[in-house]
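Novice: Give me a 3D structure for the following:
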Amino acid sequence: MFQLGKASLLIVLLASGGLALADEDVEQGKKAFEVQCKSCHTVQPGVNGFGPSLAGVAGRHAGQAPGFNYTSAMSSSGLTWDDATLDSFLTSSTQKVPGTAMPVAIPDAHVRSEIIAYLKSVTTAPTGAAVMAAPTVKPSGGPTQEELTRAGSDTHNWLYASKDYTGQRFVKLDQINVRNAHDLRPVCIYRSDSATPTQTSLIVYKGVMYLTVDSSIVAIDAATCRLRWSSKWEAKGRALSPTNRGVAIMNGVVVRGTADGYLIALDMDKGQLLWSRQIGSADGSQYLSMPPLIYDDLVIYGPAGGDWGEKGWVGAFRLMTGEPVWRFNLIPDDGEPGADSWKDPQARKHGGGALWTPLALDVEHGTLFIPVGNPAPDFFGAAREGDDLYTSSAVALDVRTGKLQWYRQYVSNDVHDADLSQISPIFSADIGGKSRQLIAISGKDGLMRVLDRDTRETLYELSVTTRTNVNVAPTVEGIHRCPGLLGGMEWNGPAYDPIGGTLYVAAVDWCGTFTRTADPPAFTQYAHYYGGAVVPDPRDQSRGWLTAVDAATGKVRWKQQWPTPLVAGVTATSGGVLFTGDLDNNFLVLDASNGKSLYRFNTGGSVGGGVITYELDGTQYVASTSGVISGFFGGSGTSAVVVFALH
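Specialist: Numbering: from 1, shown residues only. Predicted coordinates for the structure are as follows:
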């Protein structure tokens, strides 16, 4: 990066508004600018030097001067340069923006004020001159609906959180296989400055990878990890949780939810905001964490916040405008089907029913599958007597209208926070000489079920982790149960290999002691609405399971216990290998026939988000997330992506 002089360095990012400016201060500031900074900066609108133009800088967001490429630390800082922020930056730039390549430290407050005064004086263009505005973005490009529909067979792109609408997480690539997996090496690393939860899925389209890092959307080169752009959402309200699980893309638009309840759309090429719409808020006990699903100009989304006492729903919004199209209440309103499953109508106001994991879509039949989370309060079922529909349920809707087709509740009046978390893969298998259309449904209760999508018949169910005292309700004294609060299936679902007819299921084995409060809990805004608690077993007793299952019969083909919980994505390939990761910071390549490790690499952070594979210019790459997992699971490392290929 071009190194600027100290005074020039500090000016690169300046923007402020505010107090009246003394002529003397402005003049002194102008002299300092001309001597030390003019060689790098101009004050002409739209004309950048080695540094950005400072015309119109007052009130500008940091890192957003038109036509200038900033470092990722600055472009994702989220700062707006008012007087106080500007002064603190000039006092110590590296303390104000960790990771900036511009070391500035001006101890003299009067000198700082003179520099600020001059920069304020050039916030408007000279009389008669037009300020160059950022052009209106008209997004174009793909992926098209046809590309998204055929994403399951696409070896070059990874177009949805779980690969494609069916959520099979399978790629027909065999350049990396059982014989040569030990020759893998990291080819590049993208590492952010943010040590926030790293559960993002990874999306790849035409050589560009899209992911979320805290409140930012980041686009990097999928072969070199070079940053293309980074766009940070500036929160407009309170946030209950920072966790986010990724983006969705279509027709040149990338979409995500934010922690403060906004659905936002950006141009995929440059990262410029196209629209934002508030669809939830902390006031309503909601935040947005799930990866969106986009189909036929509809962005499908719903809020998280069940543990805070939200009233859950799922809806559709126009891709190009954010306009609402339909909405289905996962906690029914008065008079809606399912409302009478709550004996006390008041309990529905804070009944839970969060969405926080990927959805699935049967394109042929236009059926959208929704995994619905737990009711609230989590552990005090007597406060919400009844079955509590549609919590802990699989719900099937018409994707175009949002109308209910069918549902299946797996835990009625759930008192263990046993969210139904996974609603994929959807697949077909020959059973008894007949092809049947199937769906795998899993949850934090530690069970995986396989249903016939046409008849809704359950073909089989099996435990994928330890299950004891599963139906024993919490008491004031406490009961020990497996799975605990964090057990079973979390935010990444099973993979399905259609060649071998095998489901690969990663799960958490972590038990805990459940208690409930002596009295019914009172709902408190911005606080967990639990009605009890869970004390997990010691962390060193937590484990993970990876299970290979015959998809047609439910017979376990092999099962491997892991020394840490397994929450990362699992990807299967035609090369006979599985790609995943663990909480010991390892990226892993496993033999799909027996689960044995073929290769591991310490990524420098815990692995709990997306792990994907794709081909670019004849080379098969594998990309793994890395970084802190969550406040519950812990973990280490700043949010990162490590990309591997054969050496």
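Novice: So in the chain, where's the weakest helix or strand by average pLDDT?
Specialist: Using mean pLDDT, DSSP states H and E, the weakest-scoring helix or strand in the chain turns out to be helix 6-11, at a mean of 40.
Novice: what's the nearest residue to residue 305 if we skip its chain neighbours?
Specialist: Leaving aside its sequence neighbours, residue 305 sits nearest to residue 286 (C-beta to C-beta, 6 or more residues apart in numbering; 4.1 Å). Placement of C-beta: from N, CA and C, glycine included.
Novice: tell me the contacts of the one you found?
Specialist: Shown in contact with residue 286 (C-beta atoms under 8 Å, 6 or more residues apart in numbering): 240, 261, 280, 303-305, 308, 310.
Novice: Quick check: phi and psi on the residue nearest to residue 208 when sequence neighbours are not counted?
Specialist: Nearest non-adjacent residue to residue 208, counting by C-beta to C-beta, 6+ apart: residue 219, 5.5 Å away. The phi/psi pair for residue 219 (degrees, to the nearest 10) reads phi -120, psi 130.
Novice: I'd say residue 452 and residue 441 touch.
Specialist: No - Residue 452 lies out of contact with residue 441 (C-beta atoms under 8 Å); the separation is 11.7 Å.
Novice: Which one's more surrounded, these two?
Specialist: A direct count of neighbours by other C-beta atoms under 10 Å for residue 452 and residue 441 places residue 441 higher, at 26 against 14.
Novice: What are the contacting residues of whichever strand or helix holds that one?
Specialist: Residue 441 belongs to strand 434-443 when assigned by DSSP states H and E. Here strand 434-443 makes contact (C-beta under 8 Å, 6+ apart) with 360, 362, 369, 371, 392, 394, 408, 410-411, 418-430, 448-454, 459, 464, 488-489, 493-494, 496, 503, 505, 551.
Novice: just how off-centre is that strand within its chain?
Specialist: Centre-to-centre, strand 434-443 and its host chain are 26 Å apart (C-alpha atoms, centre = their mean, to the nearest Å).
Novice: Pairing partners for that strand, with directions?
Specialist: Looking at strand 434-443 with DSSP bridges, its partner strands are strand 420-422 (antiparallel), strand 426-431 (antiparallel), strand 447-452 (antiparallel).
Novice: mean confidence for it?
Specialist: Average pLDDT, strand 434-443: 97.
Novice: any idea which element the residue nearest the centre of the chain lies in?
Specialist: Using C-alpha atoms, centre = their mean, the residue of the chain that lies closest to the mean C-alpha position is residue 245, 1.6 Å off. Using DSSP H and E, residue 245 maps to neither a helix nor a strand.
Novice: which residues touch it?
Specialist: 161, 199-201, 212, 289-291, 356-358, 491, 609 are the contacts of residue 245 under C-beta under 8 Å, 6+ apart.
Novice: hmm, 10 Å instead?
Specialist: Going by C-beta atoms under 10 Å, 6 or more residues apart in numbering, residue 245 touches 161, 197, 199-201, 212, 256-257, 288-292, 304, 356-358, 491-492, 609-610.
Novice: and what of residue 290?
Specialist: Residues near residue 290 by C-beta under 10 Å, 6+ apart: 161, 244-246, 248, 256-257, 300-304, 314, 354-359, 371, 491.
Novice: Also residue 564?
Specialist: Counted by C-beta under 10 Å, 6+ apart, residue 564 has contacts 508-510, 539-540, 542-544, 581-586, 606-608, 633, 635.
Novice: Perfect, that will be all.
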